[in-house]
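*Asks:* mind folding the following:
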Amino acid sequence: MAISEKVLKALNAQLNREIYSAYLYLSMSAYFESINLKGFSNWMRVQWQEELVHAMKFFDYITSRGGRVELYGIETPPKEWKSPIDVFEFALNHEKNVTSRINELVELSMAEKDYATLNMLRWFIDEQVEEEKSFEEILIKLRFVGSDARALFFLDAELAKRKFGVEDETGSSLQD
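*Replies:* Numbering: from 1, shown residues only. Here you go, the predicted model:
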């Protein structure tokens, strides 16, 4: 069964939102580089890579269902923030928006009785729970740290340890 035009249009829109998310996190990485928080920059660069994987999941799904991928122009992301807390508040709000968009896709899939798309979206539902939790945990730490520069540098060192990894179909981790 071919994918409906309505679902195809919505999936293409989400694919492009995922590419924008990658672009946003790369901008955040650049911001952190500019203020010499290399660990924070690393964390956001890994997030950039994850978002590209998310985009490719939509890309591959669309093509597997016989649909045509459409790429749109990418909006310029912000490049300046007031503080690391401001960055993570912005990112958390962004992820909450992504969650609402995934939920809209779920509702559309149910309305269109497109159970294959509904099944594919389950992975994204779980992923969004993880995404919001990750940003919230760092935001809590940042608020706790406040203006303590030494504590911020310890947190920076912790965030520097994050590595990019993707699970293959068997659940095995593929590191970069």
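
*Asks:* can you pull out the low-pLDDT segments for the chain?
*Replies:* Filtered on pLDDT under 70, the chain yields the residue ranges 1, 166-176.

*Asks:* spatially central residue in it, please.
*Replies:* Central residue of the chain (Cα atoms, centre = their mean): Glu51, 4.3 Å from the mean position.

*Asks:* which stretches of this structure form strands?
*Replies:* With DSSP state E, the ranges of strands along the chain come out as 165-167, 173-175.

*Asks:* test my guess that the residue nearest to the centre of the chain contacts Ala22.
*Replies:* Yes. Between Glu51 and Ala22 there is a contact at 3.7 Å, judged by Cβ atoms under 8 Å. All C-beta atoms are positioned from the backbone trio N, CA, C, and that covers glycine.

*Asks:* tell me who's in contact with Glu127.
*Replies:* By Cβ atoms under 8 Å, 6 or more residues apart in numbering, the contact set of Glu127 is His54.

*Asks:* against Leu159, how distant is it?
*Replies:* Using Cβ to Cβ, to the nearest Å, we find Glu127 at a distance of 20 Å from Leu159.

*Asks:* the protein: helices as residue ranges?
*Replies:* Using DSSP state H, the helices found in the chain span residues 5-34, 38-64, 84-111, 115-145, 149-159.

*Asks:* Gly73: which of these is closest?
*Replies:* helix 5-34 (8.9 Å; Cβ to Cβ).

*Asks:* what comes up buried for the closest one?
*Replies:* By 16 or more other Cβ atoms under 10 Å, the buried positions in helix 5-34 come out as 7-8, 10-29, 31-32.

*Asks:* quick one, what contacts the residue nearest to the centre of the chain?
*Replies:* Counted by Cβ under 8 Å, 6+ apart, Glu51 has contacts 18-19, 21-22, 25.

*Asks:* how about Lys133?
*Replies:* By Cβ under 8 Å, 6+ apart, the contact set of Lys133 is empty.

*Asks:* closest one to Leu108 out of the contacts of Glu51, please.
*Replies:* Using Cβ to Cβ, Glu18 is the member of the contacts of Glu51 that lies nearest Leu108, at 16.7 Å.

*Asks:* pretty sure the closest one sits against Phe58.
*Replies:* Yes. Counting by Cβ under 8 Å, Glu18 does reach Phe58; the two are 6.3 Å apart.

*Asks:* residue contacts, Glu89?
*Replies:* Applying Cβ under 8 Å, 6+ apart, the residues near Glu89 are Leu139.

*Asks:* now Ser34
*Replies:* Neighbours of Ser34 in contact, by Cβ under 8 Å, 6+ apart: none.
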